[in-house]
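Trainee: This is a predicted model, with the sequence first.
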Amino acid sequence: MDTAGQPIPNQSIRWYIQNGPGIQNQYLESSSTDINGLAQLNLSGQRMAGAYVIRSEIADVQLLFATHSLDILTGK
């Protein structure tokens with residue numbers, strides 16, 4: 001969102017695995033924000049089980065970023 005709280009469509013976002021089992025700062029892909037200013041990443045659950053931190057950043061302004069923690073569990 002911009003300073004007026006309005007969504008910014010077509011903003012380029014870069015996605016990384018910031019931390020994970022045996023992984024640090026691995027680039028995944030880029031995507032763009034939609035008309036509502038939202039971007040998404042589809043992450044395969046076929047990765048090694050463990051705790052991951054996913055980082056998204058605005059491509060033009062690497063100082064603006066967000067992180068999300070998730071766990072991939074083993075199948076039974």
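Mentor: Okay, I see it. Quantities reported herein were computed from a predicted structural model and do not represent experimental measurements.

Trainee: these two touch, right, residue 22 and residue 48?
Mentor: Yes - counting by CB atoms under 8 Å, residue 48 is a contact partner of residue 22 at 7.0 Å. (Each C-beta comes from the backbone N, C-alpha and C, glycine too.)

Trainee: Now for the residue nearest to residue 20 when sequence neighbours are not counted: which residues touch it?
Mentor: In this structure, residue 20 finds its nearest non-sequential neighbour in residue 52, 4.2 Å apart by CB to CB, 6 or more residues apart in numbering. Taking CB atoms under 8 Å, 6 or more residues apart in numbering, we find residue 52 in contact with 17, 19, 20, 21, 23, 69, 70, 71, 72.

Trainee: just to revisit the earlier point, so between residue 22 and residue 48, which is more surrounded?
Mentor: Set side by side, residue 22 and residue 48 show more neighbours around residue 48, with 11 against 7, by other CB atoms under 10 Å.

Trainee: Next one: the more buried one from residue 26, what distance?
Mentor: Residue 48 sits at a distance of 12 Å from residue 26 (criterion: CB to CB, to the nearest Å).

Trainee: Quick check: neighbours shared by these two?
Mentor: residue 20.

Trainee: The residue nearest to residue 20 pairs with what?
Mentor: As for beta bridges, residue 52 partners with residue 70 under DSSP bridges.

Trainee: Counting neighbours, what do you get for the spatially closest residue to residue 73 that is not a sequence neighbour?
Mentor: Ranked by CB to CB, 6+ apart and with sequence neighbours excluded, the top spatial neighbour of residue 73 is residue 49, at 6.0 Å. Residues lying near residue 49 (other CB under 10 Å) number 12.

Trainee: Contacts only, for residue 49.
Mentor: 21, 72, 73, 74 are the contacts of residue 49 under CB under 8 Å, 6+ apart.

Trainee: Give the closest residue to the last one in space, chain neighbours not counted.
Mentor: In this structure, residue 74 finds its nearest non-sequential neighbour in residue 49, 4.5 Å apart by CB to CB, 6+ apart.
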